[in-house]
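Asks: Here is my input, please return the structure:
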Amino acid sequence: MQTEPSSQAGASAKDGQILDPAALMRLKKTLGKRADELLPGLIDTFTKDGPQLLAQLHQALERAHAVDPRRAAHTLESNGANFGAMELAGVVAQLEALAKTEKLEGATELVTRVEEQYRRAESALLALYGRAQR
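Replies: Take a look at the predicted model:
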């Protein structure tokens, strides 16, 4: 499995890329010598937990409960930032801030954007590193 971000990631997420290569390198540095061993498991967790977290966001909207999505939003934001999916992290931060106000106006659109950005990040991670071992 390839463990270095390929040229598909581009120079930075600011250049229209989905993942920020600098954030990915920081993650690898944080993982240290075991990065090659640990990274597939982290990606696998991201791809397994993401749909459940997205479902929690949708359920909170269906119940019209503004506080419920905060934990799922916080987790998605952290995961996105750790993997360099800064657009995902940014949209989820907006949703989390909205949930803190306990108002739902605009939440449906934000959840839709979160879902889109999550799918883009998931695809990019799997393209860069190959499908995580299950």
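
Asks: CA only for contacts and neighbour counts going forward, please
Replies: OK.

Asks: helix or strand for the most centrally placed residue in the chain, which one?
Replies: The central residue of the chain, meaning the one whose C-alpha is nearest the mean C-alpha position (CA atoms, centre = their mean), is Gly80 at 2.9 Å. Secondary structure assignment for Gly80, by DSSP states H and E: helix 69-82.

Asks: Give me the buried stretch members for that helix, please.
Replies: Of the residues in helix 69-82, those buried under the neighbour-count criterion (16 or more other CA atoms under 10 Å) are 69-70, 72-82.

Asks: quick one: buried residues of whatever helix or strand comes next after that helix?
Replies: On the C-terminal side of helix 69-82, the closest following helix or strand by DSSP H and E is helix 86-100. Buried residues in helix 86-100, counted by 16+ other CA under 10 Å: 86-96, 98-99.

Asks: For the nearest residue to Lys29 once chain neighbours are set aside, report the pLDDT, please.
Replies: Nearest residue to Lys29 in three dimensions, chain neighbours excluded: Ala35, at 7.5 Å (CA to CA, 6 or more residues apart in numbering). Note for Ala35: predicted pLDDT of 93.

Asks: So what's the residue count around Ala35?
Replies: Counted with other CA atoms under 10 Å, the neighbours of Ala35 add up to 15.

Asks: didn't it look like it was pressed against Lys28?
Replies: Yes - applying CA atoms under 8 Å as the test, Ala35 and Lys28 come out as touching, 5.4 Å apart.

Asks: Now do the helices in the protein.
Replies: Using DSSP state H, the helices of the chain run over residues 21-31, 35-62, 69-82, 86-100, 107-129.

Asks: What helices and strands are in contact with the second one?
Replies: Using 3 or more CA pairs under 8 Å, 6 or more residues apart in numbering; DSSP states H and E as the contact definition, the elements that helix 35-62 packs against are helix 21-31, helix 69-82, helix 107-129.

Asks: How about the first one?
Replies: Helix 21-31 makes packing contacts with helix 35-62, helix 69-82 when contacts are defined by 3+ CA pairs under 8 Å, 6+ apart.

Asks: quick one: the residue nearest to Phe46 when sequence neighbours are not counted and Leu61, what's the gap?
Replies: For Phe46, ignoring the flanking residues on the chain, the nearest one in space by CA to CA, 6+ apart is Asn79 at 7.1 Å. Counting by CA to CA, to the nearest Å, the gap from Asn79 to Leu61 is 22 Å.
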